[in-house]
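**Q** Build the 3D model from these lines:
(chains A and B)
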Amino acid sequence: MTGRKLIASAVVLALLQIGFLGWIIAGRAAILRGGTEVLLKVEPVDPRDLLRGDYVFLSYEISRLPASLIANIPADRASSADGPVTVRLGKDADGYWRARTAWLGKAPTPAAGGEVDIVGHLSAGWTFAPDTTLSADYGIERFYLPEGEGLAIEQDMRVRPFGVRVAVANDGRAQIKGLMDGDRMLFEEPLY
Amino acid sequence: MASYSSRVRGDIERWAASGLIDASTAATLRRDVEASDRRSLSFGSVLAMMAALLFGAAILIFVAANWEAIPRLARVCALFAVIFVGYVGGAVVKSRGHPAIGEALWIVAAAAFGGGIALVGQMYHLAGDESSAVLTWCAGTALAAAALRSNPLTVAAAGIADGWLVMSLVGGFRLFAETAFPHLFVAVAVALFVLSYWTRSVVTRHLILLSLIAYAGLFAMDHDVLQVSFALAAVSVALFAAAVLAPEPVEGIARLGGRLPLHALIGFLTGMAMIQFTFADETGTGGGFAAASAVALAGIAAAVVLAGRESRGLRWIAYLGFAFELVVIYLVTMQSMLGTAGFFLTAAIILAILAFAIIRIERRWAAPVAKGA
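**A** Modelled structure (predicted):
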């Protein structure tokens, strides 16, 4: 490969990779800017290591879905298949948003005013028996912290209710906006 | 060395421009200069590559530290700058006749791309899909290797793919994992193997073949499927036969520096070991274990007879395989009868026999070479 051609393809390559990263950043910033904001309650999970390297693991109230909440369980299936789950959230009096109904796959009707649809992922193998709960994840189960600040927050999370402000895009994708210790904002995310 | 090759390259340009040589001759000469350049792996280029790897690791760890003193946007811009300067600067440096430094800069840029993916995940608290993040990094590095026709970048892409395989198997990617076996690795390996012809990366082909053998072995172990072990052994035998019976056409396709039989032997031994382990676990099918062991030993002997003369490396793999077989056979058949002392005694005898055999074989094949030289 001659010199000029090599440099030209290096420029194209660098711009492609930078553009790819920029495209992801722009998409995420768009959710932060334009998404509907909801406040989700963080549940203290079992006393084990929540701190993993540089982030804390977050488990939400809506991470555990009662099977009775799911409106469209197929009659011929006893357990879940790997796939998306749409959860319709509504705001309660205490300010937290909780699951009202859920559907496997897409919601049949658009969310009414005051309600928000968040799309999560259900892995295979959860049974649909009426009194069981299913575990869903929404891609917001991590909160990255500056090095060294994780332990204190992990301890507080066990004793006090924490909340996470989440922006939900129209297509149901969720993006963490801020971490709340009760009413106090601990970290608020800038757009970029 | 670099200055010589760059001078020759300049001369070739001039000769081609003045019509002394035609375009195809110029291209052939340039390729030849580049190839001989490639072969001379100097101390300096090794150091440059090590520096690049350290630099890349520093970038990745710096991202992980999530240092607040520098605003995120500044960190993003710094990574973008490293990507741009790394790729373009590397291309400029390489075209000016310093290929080692150029390739090292490209490695830094590829690491910065991986760091960029990690930083975006951290900025927006993206949970979950680290597996696809690593695959994206691998794809980006492979794309860079293709665009710049770079041997080290191809090796790096294969290394990232291997890391992805290991991480998927260990289950480090998901918190609540029911990990499906990462069969995607085969597709990635094939793609990188094809890419390695374009980037003339023999190292990548070696790495991928060994990775595929490891993949098949792990798959057989994980799922306890005998068919995979049989297939691995059978394919290896076929490749070995092809490489020995028709060395030139096979080498023309594989272009592995004539080392395909080594990979085939390793693959065969891995497959046979898996078969032996499977049979050894099942009590009451002692016949199967004995047959598999006999086939493995016969295969080693056949490999040494058919291809041992040409390749010292192959002989050593055969010796290792032979020692391994003896230990496995001993452990499976005798462990219940003899005590520790008996084991040491047997091990001593095995090693003595092995040493005797190796010395005999090496001496026999060293002699004609010495005569010829």
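**Q** ok, now how distant is B:Ser95 from A:Ile7?
**A** From B:Ser95 over to A:Ile7 the distance is 6 Å, taken as Cβ to Cβ, to the nearest Å. For glycine as for every other residue, the C-beta is placed from the backbone atoms N, C-alpha and C.
**Q** how many neighbours does the residue in chain B that chain A sits nearest to have?
**A** Residue of chain B nearest chain A, by Cβ to the nearest Cβ: B:Ser95 (3.1 Å). A count of nearby residues for B:Ser95, using other Cβ atoms under 10 Å in any protein chain shown, gives 20.
**Q** can you pull the contacts of the closest residue to it other than its chain neighbours?
**A** Among residues not flanking B:Ser95 along the chain, A:Gly3 sits closest, at 3.1 Å (Cβ to Cβ, 6 or more residues apart in numbering or on different chains). Contact partners of A:Gly3, counting by Cβ atoms under 8 Å, 6 or more residues apart in numbering or on different chains, are B:91, B:95-96.
**Q** Format those as a markdown table; extra columns: secondary structure and pLDDT.
**A** Shown next, in a markdown table, are the contacts of A:Gly3 (DSSP: H, G, I helix; E, B strand; the rest coil; pLDDT from 0 to 100):
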| residue | secondary structure | pLDDT |
| --- | --- | --- |
| B:Ala91 | helix | 94 |
| B:Ser95 | helix | 91 |
| B:Arg96 | coil | 89 |
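**Q** Out of those, which is nearest to B:Cys138?
**A** Nearest to B:Cys138, judged by Cβ to Cβ, of the contacts of A:Gly3 is B:Ala91 at 21.5 Å.
**Q** what's the closest non-adjacent residue to that closest one?
**A** Per Cβ to Cβ, 6+ apart, closest to B:Ala91 is A:Ala10, 3.6 Å.
**Q** Assumed B:Arg7 was part of a helix.
**A** Yes. Counting by DSSP: H, G, I helix; E, B strand; the rest coil, B:Arg7 falls inside a helix.
**Q** Number of residues surrounding it?
**A** A count of nearby residues for B:Arg7, using other Cβ under 10 Å, gives 12.
**Q** again, but for B:Ala16
**A** For B:Ala16, the neighbour count with other Cβ under 10 Å is 18.
**Q** That one and B:Ala26, how far apart?
**A** 4 Å.
**Q** Identify the contacts common to these two.
**A** Contacts common to B:Ala16 and B:Ala26, judged by Cβ under 8 Å, 6+ apart, are absent.
**Q** sorry, back to before: wait, what's in contact with the residue of chain B closest to chain A?
**A** Residues in contact with B:Ser95 (Cβ under 8 Å, 6+ apart) are A:2-4, A:6-7, B:102.
**Q** how close does it get to A:Lys5?
**A** Relative to A:Lys5, and taking Cβ to Cβ, B:Ser95 is found at 9 Å.
**Q** if I've got this straight, A:Val56 is in a strand?
**A** Yes. With three-state DSSP as the criterion, A:Val56 is assigned to a strand.
**Q** hang on, the earlier thing: doesn't the residue nearest to B:Ala91 lie inside a strand?
**A** No. Going by three-state DSSP, the assignment for A:Ala10 is helix, not a strand.
**Q** in chain A, which spans are strands?
**A** For chain A, the strands defined by DSSP state E occupy A:36-42, A:51-52, A:55-57, A:64-66, A:83-91, A:97-104, A:115-122, A:133-137, A:142-144, A:162-168, A:174-181, A:184-188.
**Q** Could I get the buried residue list for stretch A:107-114?
**A** Applying a neighbour-count criterion of 16 or more other Cβ atoms under 10 Å in any protein chain shown, one finds A:107, A:111 buried in stretch A:107-114.
**Q** Rounded mean pLDDT for it, please.
**A** Averaged over stretch A:107-114, pLDDT sits at 83.
**Q** contacting residues for residue 94?
**A** I went with chain A, as the question did not name one. Counted by Cβ under 8 Å, 6+ apart, A:Asp94 has zero contacts.
**Q** switch to chain B, that's the one I care about
**A** A:6, B:101-103.
**Q** Quick one: classify it as helix, strand or coil.
**A** Under three-state DSSP, B:Lys94 falls in the helix class.
**Q** pLDDT weak spots in chain B?
**A** B:1-3, B:35-41, B:128-129, B:171-180, B:282-286, B:334-344, B:366-373 (pLDDT under 70).
**Q** Oops, could you answer that again for chain A instead?
**A** A:1, A:44-53.
**Q** which residue is nearest the middle of it?
**A** A:Ile140 (2.9 Å; Cα atoms, centre = their mean).
**Q** separation between that one and A:Val164?
**A** Distance of A:Ile140 to A:Val164, computed by Cβ to Cβ: 7 Å.
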